[in-house]
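**Q** Structure of the sequence below:
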Amino acid sequence: MYAGRTIGVEVYSERESKDAVRVAKNGIQNAKTKGCDVVILDTAGRLHIDMEMMDQIKNVAAATNPHQIYLVCDAMTGQDAVNSAKAFNEALELDGVILTKLDGDARGGAALSIKPSPAKPSNYRCRRKTR
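**A** Numbering: from 1, shown residues only. This is a model prediction of the structure:
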């Protein structure tokens with residue numbers, strides 16, 4: 001089950017496909033056909049950075065020309081989130097980093113260690129999930 005569907009958000013997927021660029025392009029076309037005005041492309045998550053993943057995200061970005069690029073990190077990865085943010089920003093210029101699970105028992109050091117580039121404004125926001 002896709003999390004988007006549980007909150008009523010249209011989800012497009014091609015579970016059998018290994019071609020991320022094709023899936024992204026098809027997803028955008030599907031969204032246009034259905035009249036969607038916002039599309040979120042979500043790549044497969046990984047715990048560690050690898051060159052195959054970096055090549056994949058560069059290819060998807062080149063093929064789809066996204067308006068904004070965000071890296072979503074699990075706060076429980078701690079300082080490794082800093083390394084991930086640095087590597088991703090070198091591959092694709094990030095517009096921001098989103099840390100999840102900050103309300104857990106993990107340390108929040110990554111939130112303070114991930115710094116925006118000097119050319120970008122520093123806007124740190126924390127939004128607690130309400131139940």
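
**Q** quick one, strands of the protein?
**A** Counting by DSSP state E, the segments of the chain that form strands are 70-74, 96-100.

**Q** Output the below-cut-off pLDDT ranges for this structure.
**A** Applying pLDDT under 70 to the chain picks out residues 1-2, 46-47, 103-131.

**Q** quick one: the helices in it?
**A** For the chain, the helices defined by DSSP state H cover 3-6, 20-33, 51-64, 80-91, 109-113.

**Q** ok so, going back, mind putting the strands of the chain into TSV with distance to Asn59 and mean neighbour count?
**A** For every residue, glycine as well, the C-beta is placed using N, CA and C. Formatted as TSV, these follow (distance: least, CB to CB, whole Å; neighbours: other CB atoms under 10 Å):
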stretch	distance to Asn59	mean neighbour count
strand 70-74	17	17
strand 96-100	22	16
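
**Q** Distance to Tyr12 for those - can I get that in JSON lines?
**A** Converted to JSON lines, these look like this (distance: least, CB to CB, whole Å):
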{"stretch": "strand 70-74", "distance to Tyr12": "19"}
{"stretch": "strand 96-100", "distance to Tyr12": "21"}
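
**Q** out of these, which comes closest to Asn26?
**A** Among these, the nearest to Asn26 by CB to CB is strand 70-74 (21.6 Å).

**Q** Tell me which residues are up against the closest one.
**A** Residues outside strand 70-74 that contact it (CB atoms under 8 Å, 6 or more residues apart in numbering) are 45, 81, 84-85, 88-89, 94-101, 110, 114.

**Q** Recalculate using a threshold of 7 Å.
**A** The contact list for strand 70-74 (CB atoms under 7 Å, 6 or more residues apart in numbering) reads 81, 84-85, 88, 94-101, 110.
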